[in-house]
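Undergrad: Quick one, what's the 3D model for this:
(4 chains)
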2 protein chains.
Amino acid sequence: MKKNSIPEKNADMSITVVMIEDDITIREGIAYLINNTDGYKVVNQYGSYADAENNLARDNPDVILLDIELPGISGVDAIPAIKRKVPAAYILMLTVYENEQTIFKALNNGASGYLTKNMTAAKITDAIKEVMEGGGPMSAGIAKLVISSFQKNTETPLSKRETEVLEQISEGKSRSKIARDLFIDLETVKTHIKNIYYKLDVNSKEDALKVARKTRLI
Amino acid sequence: MKKNSIPEKNADMSITVVMIEDDITIREGIAYLINNTDGYKVVNQYGSYADAENNLARDNPDVILLDIELPGISGVDAIPAIKRKVPAAYILMLTVYENEQTIFKALNNGASGYLTKNMTAAKITDAIKEVMEGGGPMSAGIAKLVISSFQKNTETPLSKRETEVLEQISEGKSRSKIARDLFIDLETVKTHIKNIYYKLDVNSKEDALKVARKTRLI
DNA sequence: TTGATATCCCGTCTTCAGGGGGATATGGAT
DNA sequence: ATCCATATCCCCCTGAAGACGGGATATCAA
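TA: Next up, the predicted model:
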């Protein structure tokens, strides 16, 4: 369909949007809202990534609204494939639940931002506009998650020095390098590590880092 | 002054704000805007952290607007001390320049969010309200920085497998653990590491991680 | 004066890291 | 057809790191 007009964007220079969302009510609802906003146009809708897969390159949208929990391959997992098919498109994740792990995975996979499904039309088009201009939208809930991911746990069992040593370990430094950089003896570093392992109830660098990162000690 | 009324917040239940900002024009400008908004009150202003230090506990504000570039001790560095004096207060950083390193350091030190100095009064009070409700405000520019910090560099010299190995290294895993977890031979892991080091022009785990994190390969 | 912290010291034994030299197979690009 | 990147596997070597055990000393706060 309209194969010869691929290189041209739609004539009125609207921002083109593709939606991939399995809930038909939400999908058509948001599409309706977007289509009734000047300068925005939903060029296609799909209920799964499989449906969208072979049409995305032709659709060539500016923005893709992607549900996080699609049937079959999930939205989060589909991001890399979508990026390959439409590298220039901005991907905005759509979700009702804001789950930390999933959100970070989506952002890490290349999503540009995050929208919740209960946002108003104005908020959604604002978000699209913002990401098009390179601002990168983020809902308050998402921003909070991101911020909290930067906050260290204040109830650490580790002493200041021990935390310092653990941070050096996380940078891949050897014990002797840590000793040199902290101006202490290698033996002291070893003792600190012993105590860190004891306090975190682990017996390896790997597990210490896993526990520390999980509980945001570092 | 009014020492006996410390335990009570101001009678009208306004959200109380303290500003620490050395530019008197900006400081009084924003304070004026806030004070002319119902429900918000700037209870004190300081031009440096030194000035604020001994009064903060008595001011006991809900929110502290803190300039990032103060004379003497910088706003970013003052965050831990402020947290100790007024643990319950939300700290919002104020800045004109949005520098990635500084922002992350501020967030990491315990700031709840970030505002730019050219925001309107409505935006500032909205942000304060949002952080009070636990949403955590973030300006578009900041959100973009945060998002981009999650985006991997797509122009990596490393192959997919090499990137995978480097990620395992960053988790503190030993070569043999990596081999087991990736279902490949230890020798294969060693070869990948050799190639990673060659491509990144380094010769240690520490330097490889440093380069990779700097250029966002992992 | 007990406990936590931070520093330093001794041993043993095993594993790991980094560097060197290879090989083989696949698949894509030229 | 040939090169190149990728991914896999194999051998060698040395020195360092890691995990385990046992200590000591000094400070400082509760």
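Undergrad: A:Tyr62 - how many residues pack around it?
TA: That one is not Tyr; residue A:62 is Asp. Residues contacting A:Asp62 under the criterion other CB atoms under 10 Å in any protein chain shown number 20. Yep, even glycine has a C-beta here, placed from its N, CA and C like the rest.
Undergrad: quick one: it and A:Ile34 touch, right?
TA: No: the criterion here is CB atoms under 8 Å, and A:Asp62 misses it with A:Ile34 at 11.9 Å.
Undergrad: Low-confidence ranges, chain A, go.
TA: Low-confidence segments of chain A (pLDDT under 70): A:1-12, A:98, A:100, A:134-145, A:154.
Undergrad: what does the lengthiest helix in it contact?
TA: For chain A, the helix that runs over the most residues, judged by DSSP state H, is helix A:186-200. Residues outside helix A:186-200 that contact it (CB atoms under 8 Å, 6 or more residues apart in numbering or on different chains): A:157-158, A:161-162, A:165-166, A:169, A:175-176, A:178-179, A:182, A:203-204, A:207-208, A:211-212.
Undergrad: now with 6 Å?
TA: Residues outside helix A:186-200 that contact it (CB atoms under 6 Å, 6 or more residues apart in numbering or on different chains): A:Pro157, A:Glu162, A:Val165, A:Leu166, A:Arg175, A:Ser176, A:Ile178, A:Ala179, A:Asn203, A:Ala208, A:Val211.
Undergrad: Give me the contact list for the stretch of helix or strand the second one belongs to.
TA: Taking DSSP states H and E as the definition, A:Glu162 sits inside helix A:160-170. With CB under 6 Å, 6+ apart as the test, helix A:160-170 has contacts from A:Ile178, A:His192, A:Ile196, A:Lys205, A:Leu209, A:Ala212, A:Ile218.
Undergrad: Reformat the residues you listed into a markdown table and put neighbour count, secondary structure and distance to B:Arg84 next to each item.
TA: Putting the contacts of helix A:160-170 into a markdown table (neighbours: other CB atoms under 10 Å in any protein chain shown; DSSP: H, G, I helix; E, B strand; the rest coil; distance: CB to CB, whole Å) gives the following:
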| residue | neighbour count | secondary structure | distance to B:Arg84 |
| --- | --- | --- | --- |
| A:Ile178 | 24 | helix | 28 |
| A:His192 | 25 | helix | 25 |
| A:Ile196 | 24 | helix | 24 |
| A:Lys205 | 20 | helix | 32 |
| A:Leu209 | 21 | helix | 28 |
| A:Ala212 | 23 | helix | 23 |
| A:Ile218 | 20 | coil | 20 |
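Undergrad: which one among these gets closest to DNA strand C?
TA: Lowest distance from DNA strand C to the contacts of helix A:160-170 (CB to the nearest atom of the strand) belongs to A:His192, with 5.6 Å.
Undergrad: Okay, that closest one and B:Glu171: tell me how far apart.
TA: Distance, A:His192 to B:Glu171, by CB to CB, to the nearest Å: 20 Å.
Undergrad: Equivalent analysis for A:Leu217, please.
TA: 15 Å.
Undergrad: most surrounded residue in the contacts of helix A:186-200?
TA: A:Val165 (26 neighbours).
Undergrad: Could you report the separation of that one from B:Ala57?
TA: 33 Å.
Undergrad: just A:Ile218 next, same as before
TA: 30 Å.
Undergrad: how about A:Ile218, what does it touch?
TA: Going by CB under 6 Å, 6+ apart, A:Ile218 touches A:Leu166, A:Glu167, A:Ser170, A:Ala212.
Undergrad: can you pull up the bridge partners for A:Thr116?
TA: Beta-bridge partners for A:Thr116, by DSSP bridges, are A:Thr95.
Undergrad: Any idea how many residues pack against it?
TA: Counted with other CB under 10 Å, residues neighbouring A:Thr116 total 17.
Undergrad: repeat for A:Val76
TA: Neighbour count for A:Val76, taken as other CB under 10 Å: 24.
Undergrad: And it, how far from DNA strand C?
TA: Separation of A:Val76 from DNA strand C (CB to the nearest atom of the strand, to the nearest Å): 26 Å.
Undergrad: That residue looks like it's in a strand, true?
TA: No: under DSSP: H, G, I helix; E, B strand; the rest coil, A:Val76 sits outside any strand and is assigned helix.
Undergrad: Excluding chain neighbours, what is closest to it?
TA: In space, and not counting its chain neighbours, A:Val76 is closest to A:Ala106: 4.8 Å by CB to CB, 6 or more residues apart in numbering or on different chains.
Undergrad: Under a three-state scheme, what state does A:Lys41 occupy?
TA: What three-state DSSP gives for A:Lys41 is strand.
Undergrad: all strands of chain A, in order?
TA: For chain A, the strands defined by DSSP state E cover A:15-20, A:40-46, A:63-67, A:90-95, A:113-116.
Undergrad: quick one: contacts for the nearest residue to A:Ile26 once chain neighbours are set aside?
TA: The shortest distance from A:Ile26 to any non-neighbouring residue, by CB to CB, 6+ apart, is to A:Lys117 (5.6 Å). By CB under 6 Å, 6+ apart, the contact set of A:Lys117 is A:Ile26, A:Leu94, A:Val96.
Undergrad: Drop anything exposed from those.
TA: Buried members of these, scored by 16 or more other CB atoms under 10 Å in any protein chain shown, are A:Ile26, A:Leu94.
Undergrad: Output the contacts of A:Lys117 as a markdown table; include the columns distance to DNA strand C.
TA: Output for these, formatted as a markdown table (distance: CB to the nearest atom of the strand, whole Å):
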| residue | distance to DNA strand C |
| --- | --- |
| A:Ile26 | 38 |
| A:Leu94 | 33 |
| A:Val96 | 40 |
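Undergrad: For B:Ala88, state which of the contacts of A:Lys117 is nearest.
TA: In terms of CB to CB, no member of the contacts of A:Lys117 lies closer to B:Ala88 than A:Val96, at 31.4 Å.
Undergrad: list the buried ones in stretch A:184-193?
TA: For stretch A:184-193, burial by neighbour count (16+ other CB under 10 Å) applies to A:Thr188, A:Val189, A:His192, A:Ile193.
Undergrad: Would you check which pair of the residues you listed lies furthest apart?
TA: Largest pairwise distance in these, by CB to CB, is 9.7 Å, between A:Thr188 and A:Ile193.
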